[in-house]
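> kindly return the folded structure for what I paste below:
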Amino acid sequence: MTTARPAHLPSAAFFQRPRPTAEQPLVVMMSACLGGVGCGVDGSTNGDHTGLRSWLVRPEVRIVKFCPEHFSFGTPRLTPDNHGGNGFDVLDGKARSLAEDGTDWTAGMVKAAYEMRDRALREKVDLAILMDISGACGSTVTYLGSRFAADKVYQQGPGVAAAALIRAGIPVISQRDDRSLRMLRDLIDGTQLLEEERDHWEKEWYQGYFGK
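Take a look at the predicted model:
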């Protein structure tokens, strides 16, 4: 396994673009739960993400919210994870997405992934901020097999919807990527406040788990 910087994160050049304005806003696709929509498997927002929204909800940013799992399976629902590979493998027919009861949800996950991609392309999205570890929206880490297994295993790589966005050339940040989020906020605010923040792949847990 590699613990190098994931290619799906925005490049350094991305953050050197002109500061967005209300007339020419940055277009950001968000996992709808991060955007405050109660579309988690239990109808929640998968935690409190008001801190993230506090600096994103502004005239200089146009947010496009989408939940691929809700699109195909509604809310509430069971929890899907990817078995036999990550989201790229599911898109390529080499792995499957199964709900926690073993039901095969692959077709619905793939359909939702391409709907999310197509919507992003129509809306001319500049980047996406997605919920990590989700079987659909995870970008840096997802589960390999069921998250409810006694010996649960993590894998590098994206969920199914994130994989479709990445293949379309759309950079993806997760809510755990503190460095990229700080650089994004600096771009929007016109500041240079990045200090010791680290993205998820740089943190101790990730390096320890995948560096074995």
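> C-alpha only now, for contacts and for neighbours.
Will do.
> nearest residue to the middle of this protein?
L130 (2.6 Å; CA atoms, centre = their mean).
> what about that one, distance to G51?
15 Å (CA to CA, to the nearest Å).
> ok so, going back, I'd say the residue nearest to the centre of the chain and S174 touch.
Yes. Applying CA atoms under 8 Å, one finds L130 in contact with S174, separated by 4.9 Å.
> for W201, give me its contacts.
T3, A4, R5, P6, T140, D177, Q207 (CA atoms under 8 Å, 6 or more residues apart in numbering).
> report the buried members of those residues.
Burial by neighbour count, judged by 16 or more other CA atoms under 10 Å, picks out P6, T140, D177 from the contacts of W201.
> in the top helix by length along the chain, which residues are buried?
Longest helix in the chain, counting residues (DSSP state H): helix 106-122. Residues of helix 106-122 classed as buried by neighbour count (16+ other CA under 10 Å): T106, M109, V110, K111, A112, A113, Y114, E115, M116, R117, R119, A120.
> next, give phi and psi for G36.
When read as degrees, to the nearest 10, the backbone of G36 gives phi 100, psi 10.
> now do the closest residue to P68 other than its chain neighbours against L9, distance only.
Take P68 and drop its neighbours on the chain: the residue closest to it by CA to CA, 6 or more residues apart in numbering is A112, 4.9 Å away. Distance, A112 to L9, by CA to CA: 22 Å.
> which ones are touching D126?
Listed by CA under 8 Å, 6+ apart, the contact set of D126 reads L26, V27, V28, M29, I170, P171.
> which residues touch the fifth one?
In this case it means I170. So I170 contacts H8, V125, D126, L127, A128 (CA under 8 Å, 6+ apart).
> which of those lies closest to F71?
Nearest to F71 among the contacts of I170, counting by CA to CA, is A128 at 17.4 Å.
> top of the contacts of I170 by number of neighbours, please.
Highest neighbour count within these, by other CA atoms under 10 Å: A128, with 26 neighbours.
> where does that residue sit, in terms of helix or strand?
strand 127-130 (DSSP states H and E).
> inside helices: which ones of the buried ones among the contacts of W201?
Short answer: the buried ones among the contacts of W201 have none in helices (DSSP H).
> still on that earlier bit, and which of the buried residues of helix 106-122 is nearest to D92?
Nearest member of the buried residues of helix 106-122 to D92, counting by CA to CA, is V110, at 9.8 Å.
> pLDDT score assigned to the residue sitting furthest away from the middle of the chain?
Here the centre of the chain is the reference, and by CA atoms, centre = their mean the most remote residue is E23, at 26.6 Å. Listed pLDDT for E23 reads 98.
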